[in-house]
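Q: model the structure of this input:
(one chain, ligands or ions: 2)
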Amino acid sequence: MAKQDTLRPARAAGVPDPSRRGLLRGTLAAGGAAAVGLLTGRARAAAPAAGPDPLITEVQDWNRYLGDGVDSAPYGLPSEFEADVVRRNVAWLTADTTSSINFTPLHALDGIITPNGVCFERHHGGAAVIDPAEHRLMIHGLVDKPLVFTMADLMRFPRVNKVFFLECAANSGMEWRGSQLNGCQFTHGMIHNVMYTGVPLRLLLEEAGVKPSGKWILAEGADASGMTRSIPMEKALDDCLVAFKMNGEALRTEQGYPVRLVVPGWEGNMWVKWLRRLEVGDKPWQQREETSKYTDLLPNGKARRFTWMMDVKSVITSPSPQAPLSHGKGRTIVTGLAWSGAGTIKRVDVTLDGGRNWHRARIDGPSLDKSLHRFYYEFDWDGSELLLQSRAMDEKGYVQPTKTALRASRGENSIYHNNGIQTWRVQADGVTENVEVS
Ligand code: MTE
Ligand code: CO
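A: Ligands and ions are numbered 1, 2, ... in the order given. Have a look, this model is predicted:
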């Protein structure tokens, strides 16, 4: 039993209830589990063997008996020991799960690609189930030739493969007025990063022939919410995709199967899923999602609108409240993600002491335009309390702001576009919690 605790010290960490109260309960449990991990894990991994280890000297079941044959799982799933690496929602955030959100388990992932099965979901009317044979995409409005595409039609246009992050504008929104949710899954998990295969939107618009007066497009979904957003023509012709594959396979139902709009670097709400209609017009449509929602009320009573781009941001994914430091002092790895809607990430710095001293982190893996970047900072932990933060800088030179700086410019009423620096407090026993040092 101790073995399981060693493998997954955070399992008891009260993850379904990420509130501060849940945290208190959860971290106590995690602390206990972590201590067990400390004892068993260290003796085995780092210290010279004290005596014979039965895991080496005894024949184990997995060595004695044959495993499952091929085809026992025609579509493979993660190991049973990874059962807690799942999307989670926060029940009290929304009244109902059909118009709701869940969160990517960032604390348990590595590299830059989000596996399809754990990409967070945001639906305004539940996930539509559409037979691709019955799906149609219409382009009309200020065009020479209104067109209707079947999925088979779309598949005959030249396609491209691109990795992009999708971040909901509301990501970290619950943290505007102070630290609230206990886990980077909940504070930062409205993001995913996958490789899309799709047709450049420009090619479809060219096929229809946009009239000179066509300056905007309205994208509409076929789901029960019929969600709509206005997108400037410049962006539509630049890098938007009409995508039907993610990470090599068909889009998942939750992500808009059979086809979604990809709007690189811009807020997730514009990435219309189950895309069925593109209308070309000469001005924005002022839909719900660009007036009463996805706008930010400033201290002077005016609202910021059309705040499309997702600004430079980063977060340490481990250690974090759901991934405490279970190994004790010594060799320690800090890792996290950085991204910017303006392009690539040039630099990430990490502090261990709440911003007094900054150290340059190592970015590893592909550095792609408008994609997640993975960073690491390795150090020798002396076992004292840490105040961990990361701060990213993008290729345009934009630097992630402190939360104090953000509030100074936008006040306290915002929800969307919180790219402020996040702090995790790591206690001497490794238990980690969401705090604010700004
Ligand atoms: N498109 C439709 N048709 N319906 C929706 O509810 N939600 C939007 C956007 N596109 C939505 C939609 C929002 S707010 C976000 S953040 C992203 O889809 C979420 O994409 P995901 O579910 O793939 O994470
Ligand atoms: Co959203």
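
Q: CA atoms for contacts and neighbours, from now on please.
A: Will do.

Q: which residues of this structure score low on pLDDT?
A: Residues of the chain that meet the criterion pLDDT under 70 lie in 1-47.

Q: what is the nearest residue in space to M270 that is not next to it in sequence paired to in the beta sheet?
A: Excluding its sequence neighbours, the residue lying closest to M270 (C-alpha to C-alpha, 6 or more residues apart in numbering) is R229, at 5.9 Å. Here R229 sits in beta bridges with A219, as judged by DSSP bridges.

Q: relative to S438, how far out is R229?
A: 35 Å (C-alpha to C-alpha, to the nearest Å).

Q: between those two, which has more neighbouring residues?
A: R229 (21 against 14; other C-alpha atoms under 10 Å).

Q: who are the contact partners of that one?
A: Residues near R229 by C-alpha atoms under 8 Å, 6 or more residues apart in numbering: 218-220, 269-270, 272, 285, 287, 289-290.

Q: which of these lies closest to ligand 2?
A: Ranked by distance to ligand 2 (C-alpha to the ion), the contacts of R229 are led by N269 at 4.4 Å.

Q: excluding its backbone neighbours, what's nearest the closest one?
A: Using C-alpha to C-alpha, 6+ apart, the closest residue to N269 is C168 (6.3 Å).

Q: how about R347?
A: R347 sits nearest to M393 (C-alpha to C-alpha, 6+ apart), 5.2 Å away.

Q: that neighbour - that's part of a strand, no?
A: Yes. Assessed with DSSP: H, G, I helix; E, B strand; the rest coil, M393 lies in a strand.

Q: ok, it touching I345?
A: Yes. Under the criterion of C-alpha atoms under 8 Å, M393 makes contact with I345 at 6.0 Å.

Q: between those two, tell me which one has more neighbours.
A: Comparing M393 with I345 by other C-alpha under 10 Å, the one with more neighbours is I345, at 30 against 22.

Q: the more buried one bridge partners, please.
A: Counting by DSSP bridges, the residues bridging with I345 are D394.

Q: show the contacting residues for it.
A: I345 makes contact with 338-339, 367, 373, 392-395, according to C-alpha under 8 Å, 6+ apart.

Q: for L154, same thing?
A: L154 makes contact with V199, according to C-alpha under 8 Å, 6+ apart.

Q: how much space is there between it and M227?
A: Taken as C-alpha to C-alpha, the spacing of L154 relative to M227 amounts to 22 Å.

Q: how about the residues of the stretch 1-150 of the chain near ligand 1?
A: By C-alpha under 6 Å from any ligand atom, the residues of the stretch 1-150 of the chain that approach ligand 1 are 120-125.

Q: element containing F375, please.
A: strand 373-381 (DSSP states H and E).

Q: export that strand to PDB, keeping only CA atoms.
A: Extracted in PDB, the C-alpha atoms of strand 373-381 (Å, rounded to 0.1, in the frame of the first residue of the first chain):
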ATOM      1  CA  HIS A 373       6.300  26.200 -24.300                       C
ATOM      2  CA  ARG A 374       7.700  23.900 -21.600                       C
ATOM      3  CA  PHE A 375      10.300  25.200 -19.100                       C
ATOM      4  CA  TYR A 376      12.300  23.600 -16.400                       C
ATOM      5  CA  TYR A 377      14.400  25.000 -13.500                       C
ATOM      6  CA  GLU A 378      16.500  22.400 -11.600                       C
ATOM      7  CA  PHE A 379      17.900  23.200  -8.200                       C
ATOM      8  CA  ASP A 380      19.000  21.800  -4.900                       C
ATOM      9  CA  TRP A 381      16.200  22.400  -2.300                       C
END
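
Q: I'd like to check which residues are in contact with the residue of the stretch 301-438 of the chain found nearest ligand 2.
A: The minimum distance from the stretch 301-438 of the chain to ligand 2, using C-alpha to the ion, falls at Y416 (9.4 Å). By C-alpha under 8 Å, 6+ apart, the contact set of Y416 is 169-173, 294-296.

Q: just to revisit the earlier point, what's the spacing between the residue nearest to R347 and C168?
A: Distance from M393 to C168, by C-alpha to C-alpha: 20 Å.

Q: reformat the contacts of R229 as JSON lines; add neighbour count and distance to ligand 2.
A: Formatted as JSON lines, the contacts of R229 follow (neighbours: other C-alpha atoms under 10 Å; distance: C-alpha to the ion, whole Å):
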{"residue": "L218", "neighbour count": "24", "distance to ligand 2": "17"}
{"residue": "A219", "neighbour count": "24", "distance to ligand 2": "15"}
{"residue": "E220", "neighbour count": "26", "distance to ligand 2": "15"}
{"residue": "N269", "neighbour count": "23", "distance to ligand 2": "4"}
{"residue": "M270", "neighbour count": "25", "distance to ligand 2": "8"}
{"residue": "V272", "neighbour count": "27", "distance to ligand 2": "10"}
{"residue": "W285", "neighbour count": "16", "distance to ligand 2": "19"}
{"residue": "Q287", "neighbour count": "14", "distance to ligand 2": "15"}
{"residue": "E289", "neighbour count": "15", "distance to ligand 2": "10"}
{"residue": "E290", "neighbour count": "20", "distance to ligand 2": "12"}
